[in-house]
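> when you get a sec, could you give me coordinates for this:
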Amino acid sequence: MNPKQYIENHKERFLSELLEWLKIPSVSTESSHTADMKRAAEYLCKQLTSLGLERVSVLPTKGHPVVFAQKIINPSLPTVLIYGHYDVQPTDSSDGRTWTSPPFEPVVRDGKIYARGATDDKGQVYIHVKAIETLLNTTGLTCNVKFLIEGEEEIGSPHLGEFVEQHRNLLQCDVILISDTSILDNDIPSMTVSLRGLSYVEVEVSSANKDLHSGVYGGAVANPINVLCQMIASLHDANRRITIPGFYDNVIQLSEEERKLRQVPFDVEEYKKMLGIPDVWGEKGYTVPELTSIRPTLDVNGIWGGFTGEGSKTVLPSKAFAKISMRLVPNQTCDEITALFTKYFLQIAPPSVRVKVTSRHGGDPYMTNTNSMFFKAAEKAYERTFGKKPLYEGSGGSIPIIPMLKKHLGVDAVLMGFGLDSDDAHSPDEHFGLFNYYIGIQTVVAFYEELPNFF
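Presented below is the predicted three-dimensional model:
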């Protein structure tokens, strides 16, 4: 039986197994789900064991556990390390949107799987589980494989670096294969060739030693919320460029020819309609796809302070806070940008307030080696299953784990994503298309079939 027929014959089981995994509320950021995290890891462990993989285990970290498994068919052949994560985002929403169906009661509706984690990242991880099953039951593996599936990606992988360092020999490989990105459209295959990095900080502005009556003290004592808003506003100029000195010093400036090569199909009117926005916004002189891939950003992710309850309270707050993320592009580094931000933010503070900047987490940008045999095999695999050569695109998102894995293991990563930007990852009604799930399995199978052609 050929792989495509095997997938077709078992597609309902492939789906039901994924739905069972999606039922487990593996929310890594909430301590109330600690037991669920372990259940999610054990479920995956059970599935990998059923395939006949070796050394299948749930390995502890100082946080949530890691799932490891391998199949070594010949030590002289290349080894592919499949990385992914089983933890998911919380289900609440800051914009008031609600789920059409409960987030951990997965349903298939309009050809899509609706559940938290459907596309980010359980659905895409499970593509690899079923691709390996398909190969083991049909044409066989063409190389060695290892699985490294963690439970803390959604909180910045705080303990994975130490785990990888301690288990470097166990994780030795020739390439890291990751499915945690998207394609442009179901009829426009694409491969992500670059990822932005991230610097995530929390700032605190404080004034008086307690909340004050705004009538008695207002006008004479600095209001931390007012000051914080002014400071944040000053971080961009009229052209929406970031004003932090040195921020752009290491940013790669692409030539006009290079920018043309990166052009992808894009309808700005459809984009505005999809998001319900009156117009786009961003640094002057760049297209939307460029603004979300090759240009760095600075955004406020949350801001709070003072009285926000029902009714009114005329209070002058003693403190105000904001969470700020900066997306970075190749040649910038998290440490460098965090230091530049901290220095500048302290510098622009008026003497009437105290300012504190705390780095929360981050990671460096990444660019794929498009000349490697692994990338070329993946590119050919997309061409086989989609019927056309994939376009190259830069992702606006970050996967900080990739530079860390490269640092510890000394190998590059290939990104084989199958989601869509419209899948509402991190939002209510997150979903993953059945088409994307099944063609993902076919494409990963094709990757292993193509790989020997590039040895």
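
> rest of the way, CA atoms for contacts and neighbours
Fine.

> now what about stretch 61-79, what contacts it?
Contacting residues not belonging to stretch 61-79 are listed as 28, 34, 37-38, 41, 44-45, 48, 53-60, 141, 143-152, 159-160, 163, 172-175 [Cα atoms under 8 Å, 6 or more residues apart in numbering].

> repeat that for 6 Å
53-59, 143-151, 173-174 (Cα atoms under 6 Å, 6 or more residues apart in numbering).

> wait, is residue 302 part of a strand?
Yes: counting by DSSP: H, G, I helix; E, B strand; the rest coil, one finds residue 302 located in a strand.

> how about the helices in the stretch 101-250 of the chain?
Remark: helices assigned in the stretch 101-250 of the chain by DSSP state H, counting those that start in this stretch are 122-136, 160-166, 214-217, 224-233.

> can you tell me which of those the model trusts least?
Comparing mean pLDDT across the helices of the stretch 101-250 of the chain, the weakest is helix 214-217, with a mean of 92.

> wait, residue 26 touches residue 35, no?
No: contact criterion Cα atoms under 6 Å: residue 26 and residue 35 do not qualify, at 8.5 Å.

> these two - which one has more neighbours?
Counting neighbours by other Cα atoms under 10 Å for residue 26 and for residue 35 shows that residue 26 has the greater number, 29 against 13.

> how far away is that one from residue 257?
From residue 26 across to residue 257, the span is 45 Å (Cα to Cα, to the nearest Å).

> what about residue 389, which SS state?
Using three-state DSSP, the structure places residue 389 in coil.

> wait, doesn't it sit right on residue 381?
No: here residue 389 does not reach residue 381: they are 9.1 Å apart, not a contact under Cα under 6 Å.

> where does the stretch 51-200 of the chain dip in pLDDT?
Applying pLDDT under 70 to the stretch 51-200 of the chain picks out residues 94-95.

> can you give me the strands for it?
Along the stretch 51-200 of the chain, the stretches classed as strands by DSSP state E, counting those that start in this stretch are 54-59, 66-71, 79-85, 107-109, 112-114, 144-150, 175-178, 190-195, 197-206.

> and the residue nearest to residue 239 when sequence neighbours are not counted, what element?
Leaving aside its sequence neighbours, residue 239 sits nearest to residue 284 (Cα to Cα, 6 or more residues apart in numbering; 5.4 Å). Under the criterion DSSP states H and E, no helix or strand holds residue 284.

> domain parsing for this structure?
Domain assignment for the chain by automatic domain parsing gives 3-195+365-454, 197-251+296-363.

> among those, which is nearest residue 262?
domain 3-195+365-454 (6.6 Å; Cα to Cα).

> can you report how many residues lie near residue 74?
Residues near residue 74, counting by other Cα under 10 Å, number 11.

> before we move on, what about residue 265?
Neighbours around residue 265, by other Cα under 10 Å: 10.

> equivalent analysis for the one 10 residues further on, please.
Residue 275 sits with 11 neighbouring residues when counted by other Cα under 10 Å.

> what's the spacing between it and residue 237?
To residue 237, residue 275 is 25 Å away according to Cα to Cα.

> cool, and residue 53?
Taken as Cα to Cα, the span from residue 53 to residue 237 is 55 Å.

> of those two, who's got more company?
Between residue 53 and residue 237, residue 53 has the larger neighbour count (other Cα under 10 Å), namely 21 against 11.

> mind jotting down where the strands sit in the stretch 301-450 of the chain?
Secondary structure of the stretch 301-450 of the chain by DSSP E, counting those that start in this stretch: the strands cover 315-316, 319-328, 354-363, 366-367, 391-395, 413-415, 431-433.
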